[in-house]
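Q: make a model of this:
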Amino acid sequence: MIKYKEVILPNGLQILVNRDHASKLAAVNILYKVGARNESEHKTGFAHLFEHLMFRGTHNVPDFDTPVQMACGENNAFTTNDYTNFYITLPKENIATALWLESDRMRNLNLSAEACEAEKQVVIEEFKQRYLNQPYGDELLLLRDMCYKVHPYRWATIGISPEHIERATMEDVKNFYDLHYRPSRAILSISADMPEDEMIALATEYFADIEDVGGDIAPVPEEPKQCEPRRLEVERDVPATDVTIAFHMGDRLSRDFFFGDLASDLLAGGESSRLVNRLVKERGLFSSVNAYITGSLDAGLFIIKGRLMPSTTVEDAEAALWGELNDLKAGNISDYELEKVKNKFEANILMGEINIMNKAMNLGFYAMTGDLSLLNGEAAIFRSITRQEIMTFATECFTLNNSSTLIYRAK
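A: Down below sits the predicted model:
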């Protein structure tokens, strides 16, 4: 269990602190509630661009990394479709350095034309290298675009096209920063061996005087229910054909999330899983298989996929994947299987509570979802799931009219 104390400053900044008696380090995490879901379809990739720009320095600190390194710390960041996360670990004696740096770049970021142009080129090159010039690079982009017609999950965090970043103006960039990188759009979470009130006082000292300015956040459009099967076949210069089937499912706060997460682990949770044993080892249809959920804040996807062996036809591959899904619908789940995956989830949750950085990140993430009780309550939810509930989830989710199939053929 992760114990914490929470306060919200008058400017809207949410602060969560955890005292970890076992660590000599401090973990400072700041989550901004901005991801690809907050972008316009005509201006995508901005959240990811800002992940880069936030390390360009401020008007007060020209180089963000140098003070962190001088404080014997490490820092990094990542962007998702739902949020952007920045984190620093350093000796607890130097925690003020992390808070000073994060508060400074919240409102004083260097958005000069030179800095923006340099990072725009980095992001454009990343788009080309990871998605356009990489084998299977556009596979997820194609799948998202097929599954979503209205919701911004239609594009990945990198964006729809590098042209969107290329033609971004300085006004576009500054408007995005002012709208999203402000106290009421942020969650600061800290884990360290310090009294909780002391951590809150330090955070308040550095962040309380930051004015919360910016406009209203546009509502995210709701994806309409899919009522017909979708299918896309493409041909690419890749070594083997992939078959991927995606299904719409509930959002992160729904019980669907837990059913889907558990079902995906029943199918593909390691080398002893159903898909690996049956479709790779026994039948030799695939060289690799997987099943997972996107875990999105809004309604997400359950995805099952496999990379075909040269002798396997697409028809046989699809039939095999549907066969495994139908097996879950029929409730063919042993007590041993169910207990094994539940134990795995519980172990992963407990392991996540050991690392100081994980604690700080989890505090921020669960606060972002809107239900902090899940921080210490998910193990009990997974433990409570029954075979009948998985059957019901599978029956309602794994239907032809709710499916989007991508055939990614090797030339």
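
Q: packing partners for the helix or strand harbouring Cys116?
A: Cys116 is part of helix 113-127, with elements assigned from DSSP states H and E. Applying 3 or more C-beta pairs under 8 Å, 6 or more residues apart in numbering; DSSP states H and E, we find helix 113-127 packed against helix 46-53, helix 162-166, helix 170-180. Every C-beta, even on glycine, is put in place using the N, C-alpha and C of the backbone.

Q: between those helices, which one is nearest to Glu119?
A: Evaluated over the helices and strands packed on helix 113-127, closeness to Glu119 peaks at helix 46-53, with 4.3 Å, by C-beta to C-beta.

Q: who does the particular helix or strand that has Ile190 in it touch, helix- and strand-wise?
A: Here Ile190 is covered by strand 186-192, with elements defined by DSSP H and E. Using 3+ C-beta pairs under 8 Å, 6+ apart as the contact criterion, the neighbours of strand 186-192 among helices and strands are strand 14-19, strand 25-32, helix 95-107, helix 196-207, helix 356-369.

Q: got the phi and psi for Ile304?
A: Dihedral angles of Ile304 (phi, psi; degrees, to the nearest 10) stand at phi -130, psi 140.

Q: residue closest to the middle of this protein?
A: Compute the mean C-alpha point of the chain, and by C-alpha atoms, centre = their mean the closest residue is Thr80, 4.4 Å away.

Q: show me what contacts it?
A: Applying C-beta atoms under 8 Å, 6 or more residues apart in numbering to Thr80 gives the contacts Gly35, Ala36, Thr157.

Q: now do the SS call for the closest residue to Val150 other than its chain neighbours.
A: If the residues on either side of it in the chain are set aside, Val150 comes closest to Pro221, at 4.8 Å by C-beta to C-beta, 6 or more residues apart in numbering. Going by DSSP: H, G, I helix; E, B strand; the rest coil, the secondary structure assigned to Pro221 is coil.

Q: got it, and Pro239?
A: coil.

Q: Lys305: how many residues sit nearby?
A: Using other C-beta atoms under 10 Å, Lys305 has 23 other residues around it.

Q: in a helix, it, correct?
A: No. Residue state for Lys305 (three-state DSSP) corresponds to strand; a helix is not indicated.

Q: start the count at 421, not 1, going forward
A: Sounds good: first residue 421 from here, last item Lys725.

Q: that one bridge partners, please.
A: Going by DSSP bridges, Lys725 is paired in beta bridges with Thr664, Asn710.

Q: so who does it touch?
A: With contacts taken as C-beta under 8 Å, 6+ apart, Lys725 has the following neighbours: Asp662, Val663, Thr664, Ile665, Val709, Asn710, Ala711, Leu741.

Q: and if you look at Val633?
A: Val633 makes contact with Asp598, Arg602, according to C-beta under 8 Å, 6+ apart.
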